[in-house]
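Engineer: Please work out how this folds:
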Amino acid sequence: MPSIAHITSPIQPPKIPPQESGCRTNASENALTQSKYTDTSSITLETNPLPTPEPIEVPRSSLETIYKHARELFPNECCGWLTGGKDSNSVDGVRPAINAYEPDTHPTAKNRTAQTAFVISDNDLLELNLTLDNDVRPRIIYHSHPNGRAYFSETDRANASDPWGDGPAYPVNQIVVGIDGDRVVEARQFEWDVESADFVEIALYEGMEI
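Structural biologist: Below you'll find the predicted structure:
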């Protein structure tokens, strides 16, 4: 009887069909699971800081011009504005205005006089509004306090603020000149601060014997 040869061969592993398109591998599944439980407690969101109020530079010569205007109208309040370039952080022009205060013309103070309140005249106010978008434009509105104190009063705040409470009525800073019967005591510059939603003092100026 012929012998039978026994042929042995290594066992081949079963063929695994390729995965279908769109199936995740174990690695991708692990990554997905890990992403679900990522600790986000230490993540901080970047926010744009609010702008810090900065004074507009006012030359001494411009200050002295408005000081003289305040003296000319004393004991009444003077008013006007300072002009400068739209992209400049300084002013170089002074535009005096007429204080046309009458009890029926003031928006918030009906029981005062021109010694304790001011209203920029209609013609001056029209010019101010028409030049707000010019290359050289109003940058600071100024007025005086004949009691010698350069502060931004509640009446000043009400008149300089948007009546709907959204910010300043005009895109300008404010200067208040404190003058009495002997001299200009001081002046202060104020700017609208977005964070506090109020006018804040940003500069103090030396007065003048005049």
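Engineer: List every C-alpha atom in the helix ranked longest in the chain, with coordinates, as CSV.
Structural biologist: In the chain, taking DSSP state H as the definition, the longest helix is helix 60-73. Once non-C-alpha atoms are left out, helix 60-73 reads as follows in CSV (Å, rounded to 0.1, in the frame of the first residue of the first chain):
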residue,chain,number,x,y,z
ARG,A,60,-1.3,126.6,27.0
SER,A,61,-2.1,129.3,24.5
SER,A,62,-5.5,127.7,23.8
LEU,A,63,-6.2,127.5,27.5
GLU,A,64,-5.4,131.2,28.0
THR,A,65,-7.7,132.1,25.1
ILE,A,66,-10.7,130.4,26.9
TYR,A,67,-9.6,131.9,30.2
LYS,A,68,-9.8,135.3,28.7
HIS,A,69,-13.2,134.5,27.2
ALA,A,70,-14.3,133.4,30.7
ARG,A,71,-13.1,136.7,32.2
GLU,A,72,-14.9,138.7,29.5
LEU,A,73,-18.3,137.1,30.3
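Engineer: This protein: strands as residue ranges?
Structural biologist: Remark: strands assigned in the chain by DSSP state E are 79-85, 93-97, 136-145, 173-179, 184-193, 198-208.
Engineer: Indicate which one of those strands is closest to residue 128.
Structural biologist: strand 136-145 (5.4 Å; Cβ to Cβ). For glycine as for every other residue, the C-beta is placed from the backbone atoms N, C-alpha and C.
Engineer: residues touching residue 204, list them.
Structural biologist: 186, 187, 188, 189 (Cβ atoms under 8 Å, 6 or more residues apart in numbering).
Engineer: coming back round to it: could you identify which of the strands of the chain is most buried?
Structural biologist: Each of the strands of the chain was scored by mean neighbour count; the highest is strand 173-179, a mean of 25, by mean count of other Cβ atoms under 10 Å.
Engineer: Show me how far that strand is from its chain's centre.
Structural biologist: Taking Cα atoms, centre = their mean, to the nearest Å, the mean C-alpha location of strand 173-179 is offset from the chain mean by 19 Å.
Engineer: so which of the strands of the chain gets nearest residue 114?
Structural biologist: Comparing these under Cβ to Cβ, the one sitting nearest is strand 79-85, at 10.0 Å.
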